[in-house]
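**Student:** give me the fold of what follows.
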Amino acid sequence: MSLNSMSRQIFFAAVAFFAWIVTTAIAAEPRKPNVLLIVSDDLCNALGTYGNPLVKSPNIDRLAEKGVRFDRAYCQFPLCNPSRASFLTGLRPDQLRVYENATQFRANVPNAQSLPQTFRRAGYFVARVGKLYHYGVPAQIGTDGLDDKPSWELVVNPRGHDKDVEDKIHTIAPKTAMGPARFGGTLSWFADEGLDADQTDGKTAIEITKLLEANQDRPFFLACGFFRPHTPYVAPQKYFDLYPREKINLPAVPAGHHEAGPAMAFGSMKKEQEQLTDELRREITQAYHASTSFMDAQVGVVLDALDRLKLADNTIVVFMSDHGYHLGEHGLWQKMSLFENSARVPLIIYDPRLKVAATGPRKSSPRTVELIDLHPTLADLAGLSAPSELTGKSLRPLLQNPEAAWDKPALTQVSRGTPTATGQKAKNRAAMGYSLRTERYRYTLWDDGKGGEQLFDYKTDPDELVNLANDASQQQVKSELKAQLEKLRAIK
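**Tutor:** As a prediction, this is how the structure comes out:
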């Protein structure tokens with residue numbers, strides 16, 4: 001064998017050996033986890049997994065059985081745009097200065113790094129289908145709404161049959177001089193015909209499935225934004241049939257509850273809601289639950305696709321809502337209050353790679369957590385760096401041990417009137433309410449105290465009917481909670 005021939009053989013052997021080393025190293029490197037973020041619109045905790053005996057939510061329930069269900073999770077602002085801007089950036093509403101449904105957050109904080117951007121910068125395929133940032137519902141279904149273009153590589157805006165039947169929708173809102181009432185801000189409902197796949201949420205589930213199929217060989221962050229059960233509560237008739245009205249129990253509101261105040265606590269009530277009869281309340285509640293079960297069925301379509309494509313073992317799944325919702329509790333409907341029904345949200349996180357220490361039949365956490373914890377949590381689970389300015393905290397310890405030591409309270413705020421950004425001229429004076437939630441107490445401060453205070457002890461008063469703010473025996477507790485509230489509120 002000549003020297004040149006031997007040299008060539010040695011060269012090719014070295015190349016082959018080097019290629020084997022590289023291939024082995026790549027194979028040994030764990031694949032980045034995928035993320036599937038599922039957000040329901042205006043969903044309260046009326047779900048089977050949260051103990052509701054009437055509502056049928058089998059798909060959300062089965063996710064909770066695999067993951068960790070957070071029993072005390074709270075939004076930062078009980079309104080779509082402020083809440084979504086907050087949890088999709090990880091910044092509090094006062095940091096973003098977004099308090100209504102018209103301001104896109106980058107108008108105030110142009111350089112904020114959103115949660116999807118954190119994954120996009122790490123090389124993930126990042127896309128959304130449906131409502132993640134704010135849409136006006138139903139008017140902006142099928143459009144980008146107040147979307148954030150830097151957050152996504154791809155967006156899909158489904159539009160379903162629910163948009164075609166708006167002339168049939170029942171509503172308690174009066175007609176205006178401009179024409180028919182807008183459905184998005186009031187109690188409105190309709191039992192539709194046709195298949196799930198005809199509806200906007202049905203189309204959303206189908207489009208998410210397509211993206212799962214197309215991107216199963218690379219790490220992805222997919223955000224699935226369902227519109228239901230946001231009003232108008234539109235769903236196929238079969239979901240209405242699940243809830244006979246005679247089986248719906250209405251919440252009791254004690255006489256004099258509103259008069260006891262503070263008045264600002266009940267400021268979310270709308271004039272047209274005074275016309276509600278018990279029959280109408282049951283009909284509206286039926287429609288809300290029907291929309292919830294319809295949305296749950298679409299969650300099932302997406303989870304089934306994860307299983308079918310063998311992606312479930314490496315995909316972190318989050319199910320959540322943007323805020324809670326009143327169904328007559330405290331005599332209130334919809335959102336924009338600082339009572340538990342409006343501030344509390346369903347939150348379920350499943351990371352198939354984590355072993356969870358569970359003490360009961362279900363892995364649920366009693367700790368108080370916030371939606372701003374989502375950004376640092378998902379970044380941590382994926383091994384990514386979150387922006388340093390985030391004030392949320394990774395929930396990894398609670399995903400591994402749902403009852404781990406945890407001393408972080410939750411802060412929720414809401415406005416009465418519309419605050420404006422710095423430099424803008426306010427038309428009317430606006431006031432803010434701030435509410436601090438610990439595992440046992442809720443302390444609420446309205447308009448820096450000028451609008452009153454509330455203190456509820458959930459150990460003795462789970463329905464928030466006895467305000468202890470002026471109780472002499474509770475002043476030390478109130479003082480300590482107020483100090484915690486002011487500390488969190490000072491974060492700008």
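**Student:** ok, and what's touching stretch 432-451?
**Tutor:** 72, 74, 262-265, 338, 340, 343, 366-368, 409-416, 419, 431, 452-459, 464, 469, 477-478, 481-482, 484-485, 488-489 (CB atoms under 8 Å, 6 or more residues apart in numbering). Using the backbone N, CA and C atoms, a C-beta is placed for each residue, glycine as well.
**Student:** next, the buried residues of that stretch.
**Tutor:** 432-438, 441-447, 451 (16 or more other CB atoms under 10 Å).
**Student:** again, but for stretch 239-257
**Tutor:** 239, 240, 242, 243, 248.
**Student:** in JSON lines: these, plus pLDDT and secondary structure.
**Tutor:** Shown next, in JSON lines, are the buried residues of stretch 239-257 (pLDDT from 0 to 100; DSSP: H, G, I helix; E, B strand; the rest coil):
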{"residue": "239", "pLDDT": "98", "secondary structure": "helix"}
{"residue": "240", "pLDDT": "98", "secondary structure": "helix"}
{"residue": "242", "pLDDT": "98", "secondary structure": "coil"}
{"residue": "243", "pLDDT": "98", "secondary structure": "coil"}
{"residue": "248", "pLDDT": "97", "secondary structure": "coil"}
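**Student:** so, low pLDDT: which residues of the stretch 251-400 of the chain?
**Tutor:** Residue ranges of the stretch 251-400 of the chain with pLDDT under 70: 356-362.
**Student:** run the last query once more with 80
**Tutor:** 355-362 (pLDDT under 80).
**Student:** what are the boundaries of the helices in it?
**Tutor:** Assigned by DSSP state H, counting those that start in this stretch, the helices in the stretch 251-400 of the chain fall at 278-308, 340-343, 374-382, 396-400.
**Student:** okay if I get the buried residues of stretch 239-257 as CSV plus distance to residue 289?
**Tutor:** As requested, these are exported to CSV (distance: CB to CB, whole Å):
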residue, distance to residue 289
239, 8
240, 9
242, 7
243, 5
248, 8
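**Student:** out of the helices of the stretch 251-400 of the chain, which is the most enclosed?
**Tutor:** helix 340-343 (a mean of 25; mean count of other CB atoms under 10 Å).
**Student:** ok, longest strand in this protein?
**Tutor:** strand 220-229 (DSSP state E).
**Student:** how far away from the center of its chain is it?
**Tutor:** Centroid displacement of strand 220-229 relative to its chain, using CA atoms, centre = their mean, to the nearest Å, is 10 Å.
**Student:** next: stretch 105-112.
**Tutor:** 21 Å.
**Student:** one more: stretch 32-43?
**Tutor:** 9 Å.
**Student:** what's the closest non-adjacent residue to residue 336?
**Tutor:** Leaving aside its sequence neighbours, residue 336 sits nearest to residue 268 (CB to CB, 6 or more residues apart in numbering; 3.8 Å).
**Student:** just checking, the one you found touches residue 335?
**Tutor:** Yes. With contact defined as CB atoms under 8 Å, residue 268 and residue 335 form a contacting pair (6.9 Å).
**Student:** list residues touching both of the two?
**Tutor:** With CB under 8 Å, 6+ apart, residue 268 and residue 335 have common neighbours 326, 342.
**Student:** which stretches of the stretch 51-200 of the chain form strands?
**Tutor:** 68-74, 125-130, 154-156, 170-171, 188-192 (DSSP state E, counting those that start in this stretch).
**Student:** need the ones you listed in TSV with distance to residue 146, can you?
**Tutor:** Putting those into TSV (distance: least, CB to CB, whole Å) gives the following:
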stretch	distance to residue 146
strand 68-74	23
strand 125-130	13
strand 154-156	13
strand 170-171	24
strand 188-192	22
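**Student:** for these, which has the smallest mean pLDDT value?
**Tutor:** Of all the strands of the stretch 51-200 of the chain, strand 170-171 carries the lowest average pLDDT, namely a mean of 92.
**Student:** could you say what helices and strands that one packs with?
**Tutor:** Judged by 3 or more CB pairs under 8 Å, 6 or more residues apart in numbering; DSSP states H and E, strand 170-171 is in contact with strand 188-192.
**Student:** residue contacts, residue 219?
**Tutor:** 31, 32, 33, 34, 123, 124, 125.
**Student:** surely residue 330 meets residue 337?
**Tutor:** Yes. Counting by CB under 8 Å, residue 330 touches residue 337, with 7.2 Å between them.
**Student:** those two: which is more packed in?
**Tutor:** residue 337 (28 against 23; other CB atoms under 10 Å).
**Student:** leaving out sequence neighbours, find the closest residue to the more buried one.
**Tutor:** Closest to residue 337 by CB to CB, 6+ apart is residue 268, at 4.8 Å.
**Student:** that neighbour and residue 145, how far apart?
**Tutor:** Per CB to CB, to the nearest Å, residue 268 is found 23 Å from residue 145.
**Student:** thinking again about what came up before, packing partners of whichever helix or strand comes after the longest strand of the chain?
**Tutor:** Next in sequence after strand 220-229, counting helices and strands by DSSP states H and E, comes strand 233-236. Counting contacts by 3+ CB pairs under 8 Å, 6+ apart, strand 233-236 is packed against strand 188-192, helix 278-308.
**Student:** helices or strands next to the longest strand of the chain in the packing?
**Tutor:** Against strand 220-229 (3+ CB pairs under 8 Å, 6+ apart) you get strand 34-41, helix 115-120, strand 125-130, helix 200-214, helix 278-308.
**Student:** before we move on, back to that, overlap of the contact sets of residue 330 and residue 337?
**Tutor:** With CB under 8 Å, 6+ apart as the test, residue 330 and residue 337 both reach residue 266.
**Student:** okay, and the beta partners of residue 34?
**Tutor:** Beta bridges link residue 34 to residue 315 when assigned by DSSP bridges.
**Student:** that one: what's it in contact with?
**Tutor:** So residue 34 contacts 219, 220, 221, 222, 311, 314, 315, 316 (CB under 8 Å, 6+ apart).
**Student:** burial of the nearest residue to residue 365 once chain neighbours are set aside, as a residue count?
**Tutor:** Once flanking residues are discounted, residue 365 sits nearest to residue 402: 3.6 Å by CB to CB, 6+ apart. Residue 402 has 24 neighbours, counted by other CB under 10 Å.
**Student:** residue 402 reaches residue 354, doesn't it?
**Tutor:** No. Using CB under 8 Å, residue 402 is not in contact with residue 354, being 11.2 Å away.
**Student:** can you give me the angle the longest strand of the chain makes with strand 188-192?
**Tutor:** Orientation check (axes from the mean of the first three to the mean of the last three CA atoms, to 10 degrees): strand 220-229 against strand 188-192 gives 100 degrees.
**Student:** only alpha carbons, please: show strand 220-229 as PDB.
**Tutor:** The C-alpha atoms that make up strand 220-229 are tabulated as PDB, following Å, rounded to 0.1, in the frame of the first residue of the first chain:
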ATOM      1  CA  PHE A 220     -42.200  24.500  19.300                       C
ATOM      2  CA  PHE A 221     -44.100  27.000  21.500                       C
ATOM      3  CA  LEU A 222     -47.700  26.900  20.300                       C
ATOM      4  CA  ALA A 223     -50.300  29.100  21.900                       C
ATOM      5  CA  CYS A 224     -53.900  28.100  21.500                       C
ATOM      6  CA  GLY A 225     -56.500  30.800  22.300                       C
ATOM      7  CA  PHE A 226     -60.100  29.600  22.600                       C
ATOM      8  CA  PHE A 227     -62.800  32.300  22.600                       C
ATOM      9  CA  ARG A 228     -65.400  30.500  24.800                       C
ATOM     10  CA  PRO A 229     -67.000  30.800  27.200                       C
END
